[in-house]
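Peer 1: Need the 3D shape of this:
(one chain, ligands or ions: 2)
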Amino acid sequence: MTKPLWIKHAAQLVTLASDVKGPRTKEAMSNLGLIEDGSLWIEDGIIQAVGTTKELEKRYSEKLHEAEIVDAKNHLVTPGLVDPHTHVVYGGSREREFEMRLEGATYMDIMNAGGGIHATTRMTREATEDELIKQTTRRLDSFLAHGVTTIEGKSGYGMNLETELKQLRVMKKLQEQHVIDIVPTFMGAHAVPPEYKGREDEFVDHLIQDMLPVVAEEKLAEFNDVFCEKGVYTPEQSERILEAGKRFGLIPKIHADEIEPYGGAELAAKIGAISAEHLLKASEAGIKAMAKSGTIACLLPATALYLREEAAAGRKMIDEGVAVAISTDCNPGSSPTTSMPLVMNLACISMRLTPAEALTAATYNAACAINRQEQVGSLEVGKQADIVLWKTKNYQELQYLFGVNHVKSVWKKGIKVV
Ligand SMILES: N=CN[C@@H](CCC(=O)O)C(=O)O
Ligand SMILES: [Zn+2]
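Peer 2: Ligands and ions are numbered 1, 2, ... in the order given. Prediction:
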């Protein structure tokens with residue numbers, strides 16, 4: 001039996017507790033369930049009580065002497081951050097492409113010339129499982145140091161059965177070895193593999209007939225994602241892949257309207273995707289359709305910055321009633337970062353989310369985007385004790401002092417890990 005953990009005197013305790021179930025929209029994104037002089041009581045990795053320090057002191061007066069006590073005076077306490085979109089398992093790195101883009105090449109130019117996703121696919125195909133575990137562990141450690149306690153992870157640097165399975169199995173192993181929770185997504189349709197160039201429909205058939213059944217049979221993924229973009233997969237091909245995934249119990253996600261408006265947001269709404277990603281070029285009609293269908297917009301402002309593109313219309317999406325989540329998009333090409341705090345800062349600066357909305361987007365709504373809202377994303381009784389203690393005194397300061405890692409301590413399931 002481990003000691004109970006009592007966190008007390010938080011200057012601000014952001015609980016995100018609410019009666020609203022499901023993804024938060026509009027004003028609900030600003031309701032942080034804030035408690036001043038806040039306190040948490042944790043036993044066996046689960047939150048037992050949330051309230052003011054005075055309330056919990058009274059309630060647990062008999063047990064206080066048994067507890068490990070953390071005095072959070074003058075500090076902000078929030079739920080562990082959730083990153084709902086990463087490509088964290090990959091081989092090699094692509095720093096030369098960064099230079100090439102600064103010299104004028106575009107993301108798609110590089111990919112069409114066999115670089116980009118294709119370059120990482122070659123390096124991931126060549127890497128052993130152990131090498132991938134080693135590289136990915138370093139990234140997971142960095143996520144944790146930035147206050148991230150749950151992430152989604154995509155395959156998609158294999159695009160053949162063998163390597164897609166290798167990536168997914170690496171995630172499964174890391175789920176056992178590392179304290180971070182990893183929620184797996186199959187993304188066999190991340191690009192068109194070179195061996196199928198010009199035969200996209202054949203690859204779609206192959207993916208549906210030969211890959212999806214194995215991924216489902218081995219229970220290696222919960223979600224199914226596709227890069228719906230001009231020159232990659234058309235909305236029709238994307239729909240086929242995602243509808244087929246549904247038949248295997250995989251929930252659809254979609255990389256949509258990143259480079260050009262292509263009807264991706266509309267498709268996400270039509271097929272009932274849990275989330276649509278990127279959306280830099282989403283149309284007015286697409287945004288409205290997503291608000292109606294309840295599809296979460298998973299926005300990636302670090303990617304937009306890194307590619308020197310204008311960020312997605314986050315402010316407008318929230319005003320239109322779309323639930324917004326945010327993510328690093330951690331990948332070797334368009335966003336090699338593990339800093340969710342930076343992503344929250346950028347959500348404010350480049351998409352005009354308020355500090356409160358950015359925090360909701362990085363916690364509760366992010367958890368909804370990967371179906372983990374019952375376990376994480378808010379500090380409520382019965383949930384996992386995934387908690388961050390920040391060196392700032394309030395959540396506004398966390399977003400205002402940008403580009404700095406303010407994490408002081410992190411607990412995962414009640415255990416101090418940072
Ligand atoms: N846009 C497609 N996929 C990734 C980038 C992957 C890469 O460049 O390696 C993304 O979400 O940004
Ligand atoms: Zn992505």
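Peer 1: What residues sit buried inside stretch 322-342?
Peer 2: Buried residues in stretch 322-342, counting neighbours by 16 or more other C-beta atoms under 10 Å, are found at 322-342. Placement of C-beta: from N, CA and C, glycine included.
Peer 1: Show me how far that stretch is from its chain's centre.
Peer 2: On the basis of C-alpha atoms, centre = their mean, to the nearest Å, stretch 322-342 is displaced by 7 Å from the centre of the chain it belongs to.
Peer 1: just stretch 271-285 next, same as before
Peer 2: With C-alpha atoms, centre = their mean, you get 16 Å for stretch 271-285.
Peer 1: which stretches of the stretch 251-400 of the chain form strands?
Peer 2: Secondary structure of the stretch 251-400 of the chain (DSSP state E, counting those that start in this stretch): strands at 251-256, 275-278, 296-299, 324-326, 387-390.
Peer 1: Columns distance to Lys172 on top of the ones you listed, output as JSON lines?
Peer 2: Below are those laid out as JSON lines (distance: least, C-beta to C-beta, whole Å):
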{"stretch": "strand 251-256", "distance to Lys172": "18"}
{"stretch": "strand 275-278", "distance to Lys172": "22"}
{"stretch": "strand 296-299", "distance to Lys172": "23"}
{"stretch": "strand 324-326", "distance to Lys172": "24"}
{"stretch": "strand 387-390", "distance to Lys172": "26"}
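Peer 1: Checking my notes, Val226 in a strand, right?
Peer 2: Yes: read with DSSP: H, G, I helix; E, B strand; the rest coil, Val226 is one of the residues of a strand.
Peer 1: So which residues on the stretch 151-300 of the chain come close to ligand 1?
Peer 2: Applying C-beta under 6 Å from any ligand atom, one finds that the stretch 151-300 of the chain approaches ligand 1 through 227, 255, 258.
Peer 1: Let's see that with 8 Å instead.
Peer 2: 156-157, 190-191, 227, 229, 255, 258, 277-278, 300 (C-beta under 8 Å from any ligand atom).
Peer 1: Same check on the stretch 1-150 of the chain?
Peer 2: 85, 87, 90, 94, 107, 111, 116-117, 120.
Peer 1: Of those - the most surrounded one?
Peer 2: Most neighbours among those, by other C-beta atoms under 10 Å: His85, with 30 neighbours.
Peer 1: Just the pLDDT at it, thanks.
Peer 2: For His85, the pLDDT comes out at 99.
Peer 1: now it: how far from Met171?
Peer 2: 14 Å (C-beta to C-beta, to the nearest Å).
Peer 1: now Asn365
Peer 2: Counting by C-beta to C-beta - Asn365 and Met171 are separated by 23 Å.
Peer 1: Looking at those two, which one has more neighbours?
Peer 2: More neighbours surround Asn365 than the other of Asn365 and Met171, with 30 against 24 (other C-beta under 10 Å).
Peer 1: got a list of what the residue nearest to that one when sequence neighbours are not counted touches?
Peer 2: Distances taken as C-beta to C-beta, 6 or more residues apart in numbering put Ala325 closest to Asn365, at 4.2 Å, once the chain neighbours are dropped. The contact partners of Ala325, by C-beta atoms under 8 Å, 6 or more residues apart in numbering, come to 23, 84, 275, 296-299, 361-362, 365-366, 368-369.
Peer 1: Could you tell me which residues make contact with Gly158?
Peer 2: Per C-beta under 8 Å, 6+ apart, neighbours of Gly158: 121, 124-125, 164-167, 188.
Peer 1: For it, which three-state class applies?
Peer 2: coil.
Peer 1: Secondary structure and distance to Gly249 added to the residues of the stretch 1-150 of the chain next to ligand 1, as a markdown table?
Peer 2: Converted to a markdown table, those look like this (DSSP: H, G, I helix; E, B strand; the rest coil; distance: C-beta to C-beta, whole Å):
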| residue | secondary structure | distance to Gly249 |
| --- | --- | --- |
| His85 | coil | 20 |
| His87 | coil | 22 |
| Tyr90 | coil | 26 |
| Arg94 | coil | 34 |
| Tyr107 | helix | 33 |
| Met111 | helix | 31 |
| Gly116 | coil | 31 |
| Ile117 | helix | 26 |
| Thr120 | helix | 28 |
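Peer 1: contacting residues around the closest residue to ligand 1 within the chain?
Peer 2: Going by C-beta to the nearest ligand atom, ligand 1 is nearest to Gly333 of the chain, at 2.6 Å. Gly333 makes contacts with 94, 97, 107, 116-117, 120, as judged by C-beta under 8 Å, 6+ apart.
Peer 1: Likewise for Met187?
Peer 2: So Met187 contacts 87, 154-156, 224-227 (C-beta under 8 Å, 6+ apart).
Peer 1: Now render the residues you listed as a markdown table, adding distance to Ala304.
Peer 2: Below are the contacts of Met187 laid out as a markdown table (distance: C-beta to C-beta, whole Å):
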| residue | distance to Ala304 |
| --- | --- |
| His87 | 16 |
| Lys154 | 19 |
| Ser155 | 24 |
| Gly156 | 20 |
| Asn224 | 25 |
| Asp225 | 19 |
| Val226 | 20 |
| Phe227 | 16 |
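Peer 1: helices and strands of this protein: which one has the lowest mean pLDDT?
Peer 2: helix 107-112 (a mean of 94; mean pLDDT, DSSP states H and E).
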